[in-house]
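> I would like to see how this sequence folds:
(one chain, ligands or ions: 1)
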Amino acid sequence: MKPWGGRFKGKTDPLLERFSASIDFDWALYKYDIAGSKAHAEMLEKIGILTATEKRKIVGALNEIQKEIEAGTFTFLHALEDIHMHIEARLIEKIGDAGKKLHTGRSRNDQVSLDMRLFLKEELGNIDSKLLEVLRSLVQKAEKEKKVIMPGYTHLQRAQAVPFSHYLMAYYQMFKRDRMRLEEALSRLDILPLGSGALAGSTIPLDREFVRKKLGFAGVSENSMDTVADRDFVLDSLYAAAVIMMHLSRFSEDLILFATEEFSFISLPDELCTGSSLMPHKKNPDALELIRGKASRVVGDLFSMFSLLKGLPLTYNRDLQEDKEPLFHAVRTVKDALSIMELCIKGMTLKKEQMQKASTISFMPAVEMAEYLTLKGMPFREAHEITGKIVRECEGKKKLLGDLSIKELKKHSTLFENDVFEYIDVNNALTKRKTKGAASFKEAVRQIDAEKIYLNL
Ligand code: ARG
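Numbering: from 1, shown residues only. As a prediction, the model looks like this:
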C-alpha cells in the first residue's frame with residue numbers, strides 16, 4: 001500500500017517505519033498540502049491530464065479528507081510516513097483511479113517545499129500580528145507613564161536618568177525591526193516550488209504560472225535543483241524568530257530585575273507569576289523566566305537547521321525532514337512568548353516613587369555637571385576630571401552633587417555659578433537633552449506621536 005512500493009520485495013522494518021515517520025508532527029501541514037493538491041489538480045485538468053469529472057472527484061474527496069482530519073476521525077499510521085502519503089492514500093481509497101492521477105508531475109520533494117512555504121506565509125503573518133500588539137501596548141504604556149523617570153544603566157550601574165517612556169520605546173524599536181525581518185523572510189519565500197518535481201522538472205507541460213496564481217505566490221522558482229534542496233527560507237524564518245526571542249529575553253531579564261525587592265521599580269501582574277511550595281511570601285516571575293529559558297531553545301532551533309544543511313549534497317536528502325520540528329517549535333514558542341509579553345506590558349504597575357528616588361539620590365547628574373563646564377568653555381576632558389574629583393569629595397562628605405555649596409564648587413572651578421544647581425537637577429536634565437533620539441521627555445513624546453501614526457492609534 002506504500003505509493004513507492006513497486007520496486008520492493010522485502011517489507012520495511014517496523015523500526016525504520018517508526019524512525020522515518022514524520023506524521024506525528026507534519027500532520028500539521030494538512031491544510032497546505034490539500035490546498036496545493038487542489039491547485040495542482042485544477043492545473044492537471046487545464047492541460048488535459050485530468051477530465052473535469054476526475055478533477056471534481058479529487059477536489060471533493062480532498063475537501064472530505066480535510067473534514068476528517070479536523071474532526072479527528074482520520075487514521076494516521078507510521079507506515080504511511082508523512083502527511084503527503086496519508087492524504088494521497090486516503091484519496092485513492094475514496095475515489096480509486098482518479099486519485100492515482102493526482103501525483104502526475106509532482107514529487108514529495110517539491111510538495112513538501114510548497115507546504116512549508118504556505119505554512120510560513122500564514123504563520124509569519126500570525127507572528128507579525130502579535131508583534132503589532134506588543135508594539136501597540138508599548139506605545140500606550142509609554143504614553144500613559146510619560147512623566148515617570150528611572151535610572152538608565154550601563155554595566156548594570158546607574159548611568160544617566162531617562163524617561164521610562166524612552167526606555168519602553170527602546171524595546172519598541174527592536175520589535176519594529178523584527179517586523180522588517182519577518183517581511184524580508186516572507187518576501188524571499190513567496191516563490192512557487194511546485195513543478196520542480198523530484199529535482200529536474202517534468203516532460204509533462206505543467207502550467208506553473210497557473211498554479212502560482214491559484215496559490216497566490218509572487219513568483220515561480222527558477223531552478224528545479226535549487227528548489228528541492230533549498231531550505232534557506234526556513235533558516236530566514238528561524239533567524240527572525242530567534243531574534244524576536246532574544247529581544248523578549250532581554251526585556252524579560254530587565255523586568256525580572258526591576259521586580260526584585262532590591263530594585264522595586266515595578267510589580268508584575270499576579271496572573272503571570274507563581275508562588276513557592278515552601279516559602280509563603282514568594283511571588284516568582286516564572287512567565288518571564290520561561291521566555292528567557294525558551295529563547296535558548298529557539299536559538300538552538302536555528303543552529304539545528306544550520307548544521308542540518310551545511311553538509312548536504314544537492315539535491316533533496318531525507319535529512320531535510322528534520323527541518324520541521326525546530327521550525328514548528330520556534331513558531332509556537334514565539335507566538336506564545338509575544339502574547340505573554342503583551343499581557344505583562346499591559347498588566348505591570350510602576351512604583352514611581354522608588355524609580356524617582358533611584359534617579360535623584362545618585363551621582364548620575366555628574367554628566368550634566370561636566371557638560372555645564374564644557375558649555376562655559378572648559379575642554380571636556382578637563383571638565384570630566386574636575387567633576388570626577390567633585391564626586392570623590394561628595395563621597396567623602398556623604399553628600400550628593402547638588403548638596404555642595406557654590407563656594408565648595410568654586411574651589412574646583414571658578415566657572416561654576418549658581419545656575420549649575422538647576423542645570424544638574426534630574427528633571428531639568430531630562431528636558432535639556434537636545435540631540436535627536438536623546439533620552440528627553442520631548443524626544444520620547446516625539447517618538448510616541450510618530451509611532452501612533454505608524455500604528456494607526
Ligand atoms: N516527509 C518528507 C520531508 O519532510 C517529504 C519528502 C520525502 N521525499 C522523499 N524523497 N522521501 O522531507
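> what's the spacing between residue 41 and the ligand?
Between residue 41 and the ligand the computed distance is 19 Å (CB to the nearest ligand atom, to the nearest Å). Where C-beta positions appear, they are placed from N, C-alpha and C, glycine not excepted.
> wait, what's in contact with the closest residue to residue 23 other than its chain neighbours?
Nearest in space to residue 23, with sequence neighbours left out and distances taken as CB to CB, 6 or more residues apart in numbering, is residue 76 at 5.2 Å. Residue 76 sits next to 23, 24, 27, 86 when contact means CB atoms under 8 Å, 6 or more residues apart in numbering.
> okay, now the third one: neighbour count?
Residue 27 is flanked by 16 other residues according to other CB atoms under 10 Å.
> for the chain, which spans come out with low pLDDT?
Applying pLDDT under 70 to the chain flags residues 1.
> Pick out the residue closest to the middle of it.
By CA atoms, centre = their mean, the chain has its centre lying nearest to residue 244, at 3.2 Å.
> Wasn't that residue part of a helix?
Yes: counting by DSSP: H, G, I helix; E, B strand; the rest coil, residue 244 is found in a helix.
> Make sure it is actually in contact with residue 127.
Yes: using CB atoms under 8 Å, residue 244 makes contact with residue 127 at a distance of 7.3 Å.
> Now do the shared contacts for these two.
By CB under 8 Å, 6+ apart, the residues touching both residue 244 and residue 127 are 334, 338.
> Please identify the helix or strand for the residue nearest to residue 23.
In the assignment (DSSP states H and E), residue 76 maps to no helix and no strand.
> so how far is residue 381 from it?
72 Å (CB to CB, to the nearest Å).
> What does residue 220 show for phi and psi?
phi -120, psi 140 (degrees, to the nearest 10).
> Go ahead and confirm it touches residue 191.
Yes: under the criterion of CB under 8 Å, residue 220 makes contact with residue 191 at 6.8 Å.
> Enumerate the residues of this structure near the ligand.
Within the chain, the positions lying close to the ligand (CB under 6 Å from any ligand atom) are 22, 82, 108, 109, 112, 316, 318, 320, 321.
> and with 8 Å instead?
22, 26, 81-84, 107-109, 111-112, 198, 316, 318, 320-321, 323-324 (CB under 8 Å from any ligand atom).
> Type out the PyMOL command that picks the buried ones from those residues.
Buried residues among the residues of the chain next to the ligand (16 or more other CB atoms under 10 Å), as a PyMOL selection:
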select buried, resi 22+26+81+82+83+84+107+108+109+111+112+316+320+321+323+324
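> Let me know the helix or strand that the residue in the stretch 151-300 of the chain positioned nearest to the ligand is in.
Closest contact between the stretch 151-300 of the chain and the ligand, by CB to the nearest ligand atom, is at residue 198 (7.0 Å). Under the criterion DSSP H and E, no helix or strand holds residue 198.
> check contacts around the residue of the stretch 301-450 of the chain found nearest the ligand.
Using CB to the nearest ligand atom, the single residue of the stretch 301-450 of the chain nearest to the ligand is residue 321, 3.7 Å away. Residues near residue 321 by CB under 8 Å, 6+ apart: 20, 22, 26, 82, 112.
> Quickly run through the sheet partners of the helix or strand containing residue 162, with directions.
Using DSSP H and E, residue 162 sits within strand 157-163. On the basis of DSSP bridges, the sheet neighbours of strand 157-163 come out as strand 149-154 (antiparallel).
> Return the distance of the strand it pairs with from the chain's centre.
Distance, stretch centre to chain centre, for strand 149-154: 26 Å (CA atoms, centre = their mean, to the nearest Å).
> cool, stretch 424-434 as well?
With CA atoms, centre = their mean, you get 35 Å for stretch 424-434.
> Chain neighbours aside, what residue packs nearest to residue 90?
Per CB to CB, 6+ apart, closest to residue 90 is residue 65, 5.3 Å.
> Can you tell me the closest non-neighbouring residue to residue 275?
With CB to CB, 6+ apart as the criterion, residue 275 has its nearest non-adjacent residue at 5.6 Å, and that residue is residue 282.
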